[in-house]
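Colleague: After the sequence you'll find the predicted model.
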Amino acid sequence: MKRINKKTIGMTIVAILIVAIGILAYRYDQPMKIEPDPNWESTIASLDVTRERFFIQSGDVKLEAELLIPVGGREKKPAVIFAGGSGQWIYQAYAEDLIEEYVLGVFLPRDMAVLLINKRGLGESEGNWMHNDLQGHADDIYAAVQRLQNHPVIDPAHIGLLGHSQGGWIVMLATAQHDDVAFFISLAGPTTTVLEQIEADAGNNLRCQGYEGDALNNKLKRDLQADRIGATLGKIIPIGEIRFMSGIIDSDPREALLTVNVPGMLVYGGLDPQVPADQNLARFNEIFNGSPPDHLETFVVADAQHVFRAVDSMCTMYEDYLSGPLSTELVDELQNWLTEQGY
(Lines give C-alpha, C1' and ligand atoms only; values in the text may rest on other atoms or scores of the structure.)
Protein backbone atom coordinates (compact mmCIF):
# COMPACT_ATOMS: atom_id res chain seq x y z
CA MET A 1 0.00 0.00 0.00
CA LYS A 2 2.83 2.36 0.86
CA ARG A 3 4.54 1.62 -2.47
CA ILE A 4 1.34 2.50 -4.32
CA ASN A 5 1.02 5.74 -2.42
CA LYS A 6 4.62 6.70 -3.13
CA LYS A 7 4.16 5.92 -6.81
CA THR A 8 0.97 7.95 -6.92
CA ILE A 9 2.65 10.86 -5.20
CA GLY A 10 5.61 10.65 -7.57
CA MET A 11 3.38 10.61 -10.63
CA THR A 12 1.42 13.55 -9.27
CA ILE A 13 4.60 15.56 -8.76
CA VAL A 14 5.76 14.75 -12.28
CA ALA A 15 2.38 15.77 -13.69
CA ILE A 16 2.48 19.05 -11.77
CA LEU A 17 6.00 19.75 -13.06
CA ILE A 18 4.96 19.01 -16.64
CA VAL A 19 1.98 21.35 -16.35
CA ALA A 20 4.13 24.06 -14.74
CA ILE A 21 6.78 23.76 -17.45
CA GLY A 22 4.07 23.90 -20.10
CA ILE A 23 2.61 27.06 -18.59
CA LEU A 24 6.03 28.71 -18.37
CA ALA A 25 6.85 27.68 -21.95
CA TYR A 26 3.55 29.10 -23.17
CA ARG A 27 4.15 32.40 -21.40
CA TYR A 28 7.71 32.59 -22.74
CA ASP A 29 6.34 32.07 -26.24
CA GLN A 30 3.83 34.94 -26.06
CA PRO A 31 4.53 38.54 -27.14
CA MET A 32 4.37 41.11 -24.36
CA LYS A 33 1.45 43.49 -24.07
CA ILE A 34 2.88 46.95 -24.74
CA GLU A 35 0.87 50.06 -23.97
CA PRO A 36 0.91 53.05 -26.36
CA ASP A 37 2.83 56.13 -25.36
CA PRO A 38 0.47 58.45 -23.43
CA ASN A 39 1.33 61.24 -25.88
CA TRP A 40 0.71 59.25 -29.07
CA GLU A 41 -2.91 60.22 -29.61
CA SER A 42 -2.31 63.91 -28.95
CA THR A 43 0.69 63.84 -31.30
CA ILE A 44 -1.39 62.41 -34.15
CA ALA A 45 -4.30 64.73 -33.39
CA SER A 46 -1.99 67.74 -33.77
CA LEU A 47 -1.09 66.78 -37.36
CA ASP A 48 -2.90 68.12 -40.42
CA VAL A 49 -3.67 64.66 -41.75
CA THR A 50 -6.47 62.30 -42.56
CA ARG A 51 -6.09 59.27 -40.34
CA GLU A 52 -7.16 55.80 -41.43
CA ARG A 53 -6.90 52.70 -39.24
CA PHE A 54 -7.33 49.24 -40.72
CA PHE A 55 -5.89 45.74 -40.83
CA ILE A 56 -3.62 44.37 -43.54
CA GLN A 57 -4.00 40.74 -44.53
CA SER A 58 -0.63 38.98 -44.75
CA GLY A 59 -0.88 35.25 -45.21
CA ASP A 60 -3.18 33.95 -42.50
CA VAL A 61 -2.85 36.93 -40.13
CA LYS A 62 -4.15 40.48 -39.97
CA LEU A 63 -1.73 43.27 -39.04
CA GLU A 64 -2.74 46.48 -37.31
CA ALA A 65 -1.97 49.50 -39.49
CA GLU A 66 -2.45 53.24 -39.46
CA LEU A 67 -2.24 55.44 -42.55
CA LEU A 68 -1.60 59.17 -42.19
CA ILE A 69 -2.41 61.19 -45.32
CA PRO A 70 -1.51 64.90 -45.51
CA VAL A 71 -4.52 67.13 -46.08
CA GLY A 72 -4.54 68.96 -49.44
CA GLY A 73 -1.65 68.83 -51.87
CA ARG A 74 -1.36 66.23 -54.59
CA GLU A 75 -4.34 64.14 -55.60
CA LYS A 76 -2.15 61.01 -55.66
CA LYS A 77 0.48 60.98 -52.93
CA PRO A 78 3.76 59.09 -52.62
CA ALA A 79 3.99 57.02 -49.46
CA VAL A 80 6.50 55.47 -47.10
CA ILE A 81 5.98 52.38 -44.95
CA PHE A 82 7.87 52.09 -41.66
CA ALA A 83 9.40 48.80 -40.48
CA GLY A 84 10.53 48.77 -36.86
CA GLY A 85 13.41 46.97 -35.21
CA SER A 86 13.75 43.80 -33.16
CA GLY A 87 11.84 42.91 -30.05
CA GLN A 88 8.70 44.18 -28.39
CA TRP A 89 8.10 47.58 -30.00
CA ILE A 90 4.76 48.98 -31.15
CA TYR A 91 4.65 51.98 -33.45
CA GLN A 92 2.58 53.89 -30.88
CA ALA A 93 5.53 53.75 -28.46
CA TYR A 94 8.65 53.32 -30.58
CA ALA A 95 12.22 54.24 -29.63
CA GLU A 96 11.61 57.54 -27.89
CA ASP A 97 10.26 59.80 -30.66
CA LEU A 98 12.17 58.24 -33.57
CA ILE A 99 8.97 57.88 -35.61
CA GLU A 100 7.68 61.30 -34.64
CA GLU A 101 10.93 63.07 -35.60
CA TYR A 102 12.41 61.12 -38.50
CA VAL A 103 9.29 59.68 -40.15
CA LEU A 104 6.26 61.86 -39.48
CA GLY A 105 8.33 65.03 -39.20
CA VAL A 106 10.15 64.40 -42.48
CA PHE A 107 7.64 62.79 -44.83
CA LEU A 108 4.28 64.38 -43.98
CA PRO A 109 5.45 67.97 -44.69
CA ARG A 110 6.61 66.75 -48.11
CA ASP A 111 3.03 65.70 -48.91
CA MET A 112 3.93 62.03 -48.53
CA ALA A 113 1.64 59.60 -46.74
CA VAL A 114 3.01 57.45 -43.91
CA LEU A 115 1.90 53.90 -43.12
CA LEU A 116 2.74 52.44 -39.71
CA ILE A 117 2.33 48.74 -38.94
CA ASN A 118 2.63 46.60 -35.84
CA LYS A 119 4.46 43.30 -36.10
CA ARG A 120 2.69 40.02 -35.58
CA GLY A 121 1.37 39.68 -32.05
CA LEU A 122 2.04 43.30 -31.06
CA GLY A 123 -0.63 45.92 -30.58
CA GLU A 124 -3.77 44.63 -32.29
CA SER A 125 -1.88 42.51 -34.84
CA GLU A 126 -2.60 38.79 -34.97
CA GLY A 127 0.06 36.09 -34.86
CA ASN A 128 3.41 36.01 -33.12
CA TRP A 129 6.55 37.82 -34.28
CA MET A 130 8.71 35.15 -32.60
CA HIS A 131 7.23 32.58 -35.00
CA ASN A 132 8.31 34.72 -37.96
CA ASP A 133 11.72 35.39 -39.51
CA LEU A 134 13.27 38.16 -41.62
CA GLN A 135 11.78 36.81 -44.83
CA GLY A 136 8.37 36.51 -43.23
CA HIS A 137 8.59 40.07 -41.94
CA ALA A 138 9.63 41.27 -45.40
CA ASP A 139 6.57 39.49 -46.79
CA ASP A 140 4.40 41.30 -44.23
CA ILE A 141 5.86 44.65 -45.27
CA TYR A 142 5.26 43.88 -48.93
CA ALA A 143 1.65 42.98 -48.14
CA ALA A 144 1.39 46.57 -46.88
CA VAL A 145 2.85 47.83 -50.17
CA GLN A 146 0.19 45.92 -52.08
CA ARG A 147 -2.54 47.33 -49.84
CA LEU A 148 -1.38 50.89 -50.52
CA GLN A 149 -1.12 50.28 -54.25
CA ASN A 150 -4.90 49.89 -54.27
CA HIS A 151 -5.61 52.94 -52.14
CA PRO A 152 -7.43 55.70 -54.07
CA VAL A 153 -5.17 58.58 -52.95
CA ILE A 154 -1.79 56.78 -53.03
CA ASP A 155 0.48 56.86 -56.09
CA PRO A 156 1.20 53.14 -56.60
CA ALA A 157 4.45 53.85 -58.46
CA HIS A 158 5.98 55.79 -55.57
CA ILE A 159 5.76 53.68 -52.43
CA GLY A 160 9.01 53.36 -50.48
CA LEU A 161 10.17 51.66 -47.29
CA LEU A 162 11.98 52.95 -44.22
CA GLY A 163 13.37 50.55 -41.64
CA HIS A 164 15.15 51.06 -38.34
CA SER A 165 17.70 48.61 -36.91
CA GLN A 166 16.51 45.07 -37.74
CA GLY A 167 13.90 46.80 -39.88
CA GLY A 168 16.80 47.91 -42.08
CA TRP A 169 17.53 44.29 -43.00
CA ILE A 170 13.83 43.82 -43.70
CA VAL A 171 13.39 46.79 -46.05
CA MET A 172 16.56 45.86 -47.96
CA LEU A 173 15.16 42.36 -48.46
CA ALA A 174 11.65 43.47 -49.45
CA THR A 175 12.98 46.09 -51.87
CA ALA A 176 15.40 43.66 -53.51
CA GLN A 177 12.64 41.10 -54.05
CA HIS A 178 10.00 43.43 -55.50
CA ASP A 179 10.59 45.79 -58.41
CA ASP A 180 7.54 47.89 -57.55
CA VAL A 181 9.08 49.26 -54.33
CA ALA A 182 10.30 52.75 -55.25
CA PHE A 183 13.09 53.28 -52.68
CA PHE A 184 14.35 52.26 -49.26
CA ILE A 185 15.93 54.04 -46.31
CA SER A 186 17.77 52.06 -43.64
CA LEU A 187 18.41 53.77 -40.30
CA ALA A 188 21.02 51.77 -38.36
CA GLY A 189 20.23 48.69 -40.42
CA PRO A 190 23.21 46.31 -40.52
CA THR A 191 25.01 45.34 -43.69
CA THR A 192 26.72 42.58 -41.71
CA THR A 193 25.37 39.12 -41.04
CA VAL A 194 23.12 38.66 -38.03
CA LEU A 195 25.86 36.78 -36.19
CA GLU A 196 28.39 39.54 -36.89
CA GLN A 197 25.95 42.14 -35.58
CA ILE A 198 25.38 40.14 -32.39
CA GLU A 199 29.14 39.86 -31.88
CA ALA A 200 29.70 43.59 -32.41
CA ASP A 201 26.91 44.53 -30.02
CA ALA A 202 28.07 42.10 -27.35
CA GLY A 203 31.71 43.17 -27.71
CA ASN A 204 30.93 46.86 -27.35
CA ASN A 205 28.71 46.17 -24.36
CA LEU A 206 31.56 44.30 -22.65
CA ARG A 207 34.08 47.04 -23.45
CA CYS A 208 31.74 49.57 -21.89
CA GLN A 209 31.68 47.38 -18.78
CA GLY A 210 35.46 47.59 -18.60
CA TYR A 211 36.46 44.28 -20.17
CA GLU A 212 39.65 44.27 -22.22
CA GLY A 213 42.36 41.94 -23.50
CA ASP A 214 42.01 38.22 -22.78
CA ALA A 215 39.17 38.81 -20.33
CA LEU A 216 37.19 40.51 -23.11
CA ASN A 217 37.95 37.84 -25.68
CA ASN A 218 37.13 34.95 -23.35
CA LYS A 219 33.88 36.49 -22.11
CA LEU A 220 32.81 37.38 -25.65
CA LYS A 221 33.57 33.85 -26.83
CA ARG A 222 31.42 32.37 -24.05
CA ASP A 223 28.56 34.78 -24.76
CA LEU A 224 28.58 33.99 -28.48
CA GLN A 225 28.64 30.26 -27.75
CA ALA A 226 25.56 30.76 -25.58
CA ASP A 227 23.84 32.59 -28.45
CA ARG A 228 24.66 29.79 -30.88
CA ILE A 229 23.44 27.16 -28.41
CA GLY A 230 20.24 29.13 -27.91
CA ALA A 231 19.66 29.32 -31.66
CA THR A 232 20.30 25.58 -32.02
CA LEU A 233 17.98 24.85 -29.11
CA GLY A 234 15.35 27.00 -30.80
CA LYS A 235 15.26 24.54 -33.69
CA ILE A 236 14.63 21.67 -31.26
CA ILE A 237 12.32 23.50 -28.85
CA PRO A 238 10.74 26.18 -31.07
CA ILE A 239 9.45 28.64 -28.50
CA GLY A 240 9.99 32.32 -27.76
CA GLU A 241 12.98 34.34 -28.80
CA ILE A 242 15.24 31.30 -29.22
CA ARG A 243 12.83 30.13 -31.92
CA PHE A 244 13.07 33.52 -33.61
CA MET A 245 16.86 33.57 -33.33
CA SER A 246 17.11 30.09 -34.82
CA GLY A 247 15.37 31.41 -37.93
CA ILE A 248 17.53 34.49 -38.46
CA ILE A 249 21.01 33.76 -37.11
CA ASP A 250 22.39 32.72 -40.51
CA SER A 251 20.86 35.68 -42.39
CA ASP A 252 23.09 37.87 -44.55
CA PRO A 253 21.95 41.00 -46.45
CA ARG A 254 24.67 40.63 -49.09
CA GLU A 255 22.43 39.22 -51.81
CA ALA A 256 19.71 41.80 -51.16
CA LEU A 257 22.16 44.68 -51.48
CA LEU A 258 23.64 43.22 -54.65
CA THR A 259 20.17 42.72 -56.14
CA VAL A 260 18.36 45.94 -55.26
CA ASN A 261 18.21 48.33 -58.21
CA VAL A 262 16.26 51.32 -56.88
CA PRO A 263 17.54 54.26 -54.80
CA GLY A 264 18.56 53.38 -51.27
CA MET A 265 20.03 55.30 -48.35
CA LEU A 266 21.84 53.66 -45.43
CA VAL A 267 22.43 55.84 -42.35
CA TYR A 268 24.52 55.01 -39.28
CA GLY A 269 25.24 56.59 -35.93
CA GLY A 270 28.92 57.23 -35.36
CA LEU A 271 28.56 56.27 -31.68
CA ASP A 272 26.17 53.35 -32.12
CA PRO A 273 27.40 50.34 -30.10
CA GLN A 274 24.79 47.97 -31.54
CA VAL A 275 25.37 48.59 -35.26
CA PRO A 276 28.82 50.22 -35.45
CA ALA A 277 29.20 52.58 -38.38
CA ASP A 278 32.79 51.65 -39.26
CA GLN A 279 32.11 47.92 -39.35
CA ASN A 280 28.95 48.26 -41.44
CA LEU A 281 30.47 50.72 -43.91
CA ALA A 282 33.43 48.37 -44.33
CA ARG A 283 31.06 45.48 -45.05
CA PHE A 284 29.08 47.63 -47.48
CA ASN A 285 32.25 48.43 -49.42
CA GLU A 286 33.42 44.82 -49.26
CA ILE A 287 30.12 43.60 -50.74
CA PHE A 288 30.66 45.87 -53.75
CA ASN A 289 34.42 45.33 -53.99
CA GLY A 290 35.05 48.97 -53.11
CA SER A 291 32.81 50.33 -55.88
CA PRO A 292 29.23 50.65 -54.60
CA PRO A 293 26.59 51.59 -57.19
CA ASP A 294 25.45 55.18 -57.57
CA HIS A 295 21.88 54.38 -56.53
CA LEU A 296 22.98 53.39 -53.01
CA GLU A 297 24.26 56.07 -50.63
CA THR A 298 25.62 55.95 -47.08
CA PHE A 299 25.78 58.61 -44.40
CA VAL A 300 27.10 58.76 -40.83
CA VAL A 301 25.67 61.01 -38.11
CA ALA A 302 28.91 61.38 -36.16
CA ASP A 303 27.59 61.94 -32.62
CA ALA A 304 24.49 59.72 -32.76
CA GLN A 305 23.76 56.38 -31.16
CA HIS A 306 21.29 53.68 -32.18
CA VAL A 307 18.08 55.73 -32.10
CA PHE A 308 19.85 58.83 -33.43
CA ARG A 309 20.08 60.95 -30.33
CA ALA A 310 23.31 62.86 -29.74
CA VAL A 311 25.68 61.41 -27.12
CA ASP A 312 29.24 62.00 -25.95
CA SER A 313 30.27 58.35 -25.88
CA MET A 314 29.35 54.96 -27.27
CA CYS A 315 29.05 53.87 -23.64
CA THR A 316 26.38 56.42 -22.68
CA MET A 317 23.73 54.64 -20.61
CA TYR A 318 20.24 54.24 -22.05
CA GLU A 319 18.63 56.42 -19.39
CA ASP A 320 21.15 59.19 -20.11
CA TYR A 321 21.03 59.23 -23.89
CA LEU A 322 17.26 59.62 -23.87
CA SER A 323 17.85 63.16 -22.63
CA GLY A 324 20.17 63.87 -25.56
CA PRO A 325 18.89 65.97 -28.46
CA LEU A 326 17.45 64.44 -31.60
CA SER A 327 19.56 64.85 -34.73
CA THR A 328 18.82 67.85 -36.94
CA GLU A 329 21.69 66.61 -39.10
CA LEU A 330 19.80 63.40 -39.85
CA VAL A 331 16.63 65.35 -40.64
CA ASP A 332 18.55 67.57 -43.07
CA GLU A 333 20.21 64.59 -44.74
CA LEU A 334 16.89 62.79 -45.18
CA GLN A 335 15.34 65.93 -46.63
CA ASN A 336 18.22 66.41 -49.07
CA TRP A 337 18.12 62.80 -50.21
CA LEU A 338 14.37 62.85 -50.76
CA THR A 339 14.71 66.05 -52.79
CA GLU A 340 17.37 64.39 -54.94
CA GLN A 341 14.94 61.52 -55.59
CA GLY A 342 12.24 63.94 -56.68
CA TYR A 343 9.96 63.74 -53.64
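Modeller: Structure's in. What do you need?
Colleague: Which residue ranges of the stretch 151-300 of the chain form helices?
Modeller: 166-177, 194-208, 213-236, 240-248, 254-259, 277-287 (DSSP state H, counting those that start in this stretch).
Colleague: Point out the most buried one among those helices.
Modeller: Mean neighbour count (mean count of other Cβ atoms under 10 Å) peaks for helix 166-177 among the helices of the stretch 151-300 of the chain, with a mean of 27. Any C-beta I mention is one placed from the backbone N, CA and C, and that applies to glycine too.
Colleague: Tell me which other helices or strands that helix touches.
Modeller: strand 77-83, helix 134-149, strand 154-164, strand 184-187, helix 254-259, strand 264-269 (3 or more Cβ pairs under 8 Å, 6 or more residues apart in numbering; DSSP states H and E).
Colleague: swap the cut-off to 6 Å and go again
Modeller: strand 77-83, helix 134-149, strand 154-164, strand 184-187, helix 254-259 (3 or more Cβ pairs under 6 Å, 6 or more residues apart in numbering; DSSP states H and E).
Colleague: any chance of those in CSV, plus distance to V311?
Modeller: Converted to CSV, the helices and strands packed on helix 166-177 look like this (distance: least, Cβ to Cβ, whole Å):
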stretch, distance to V311
strand 77-83, 23
helix 134-149, 28
strand 154-164, 17
strand 184-187, 16
helix 254-259, 28
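Colleague: domain ranges for the protein?
Modeller: 1-30, 40-193+251-340, 198-241 (automatic domain parsing).
Colleague: Spatially central residue in the protein, please.
Modeller: With distances taken as Cα atoms, centre = their mean, the residue of the chain nearest its centroid is G85 (1.7 Å).
Colleague: ranking the helices of the stretch 151-300 of the chain by mean pLDDT, which is last?
Modeller: Sorting the helices of the stretch 151-300 of the chain by mean pLDDT places helix 240-248 lowest, at a mean of 88.
Colleague: on that earlier part again, quick check: nearest residue in space to the residue nearest to the centre of the chain, chain neighbours excluded?
Modeller: S165 (3.1 Å; Cβ to Cβ, 6 or more residues apart in numbering).
Colleague: The one you found: how many residues sit nearby?
Modeller: Applying other Cβ atoms under 10 Å, we find 26 residues neighbouring S165.
Colleague: quick one: it from P190, how far?
Modeller: 8 Å (Cβ to Cβ, to the nearest Å).
Colleague: in stretch 40-55, what's buried?
Modeller: Of the residues in stretch 40-55, those buried under the neighbour-count criterion (16 or more other Cβ atoms under 10 Å) are W40, I44, L47, V49.
Colleague: Among those, which are located in helices?
Modeller: W40, I44 (DSSP state H).
Colleague: Format the buried residues of stretch 40-55 as a markdown table; extra columns: pLDDT.
Modeller: Converted to a markdown table, the buried residues of stretch 40-55 look like this (pLDDT from 0 to 100):
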| residue | pLDDT |
| --- | --- |
| W40 | 95 |
| I44 | 96 |
| L47 | 97 |
| V49 | 98 |
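Colleague: List the residues that contact the residue nearest to the centre of the chain.
Modeller: By Cβ atoms under 6 Å, 6 or more residues apart in numbering, the residues touching G85 are H164, S165, Q166, G167.
Colleague: now swap in G269 and tell me
Modeller: Counting by Cβ under 6 Å, 6+ apart, G269 makes contact with V301, A304, Q305, F308.
Colleague: Contacts for stretch 57-64, please.
Modeller: F55, I56, I117, N118, R120, G123, E124, S125, E126, G127, D140, A143.
Colleague: neighbouring strands for whichever strand or helix holds the second one, and are they parallel or not?
Modeller: In this case it means I56. Element membership for I56 (DSSP states H and E) is strand 49-58. Its sheet considered, strand 49-58 pairs with strand 61-70 (antiparallel) by DSSP bridges.
Colleague: and the angle for the strand it pairs with with strand 154-164?
Modeller: 110 degrees (axes from the mean of the first three to the mean of the last three Cα atoms, to 10 degrees).
Colleague: how close does G234 sit to M112?
Modeller: To M112, G234 is 39 Å away according to Cβ to Cβ.
Colleague: Over to D48?
Modeller: Taking Cβ to Cβ, one finds D48 at 13 Å from M112.
Colleague: And for A45?
Modeller: Distance of A45 to M112, computed by Cβ to Cβ: 20 Å.
Colleague: check contacts around Q279.
Modeller: For Q279, the contact set (Cβ under 6 Å, 6+ apart) comprises A200.
Colleague: Distance to R147 added to the contacts of G85, as JSON lines?
Modeller: Converted to JSON lines, these look like this (distance: Cβ to Cβ, whole Å):
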{"residue": "H164", "distance to R147": "21"}
{"residue": "S165", "distance to R147": "24"}
{"residue": "Q166", "distance to R147": "22"}
{"residue": "G167", "distance to R147": "18"}
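Colleague: G123 touches Y91, doesn't it?
Modeller: No - using Cβ atoms under 6 Å, G123 is not in contact with Y91; the gap is 7.5 Å.
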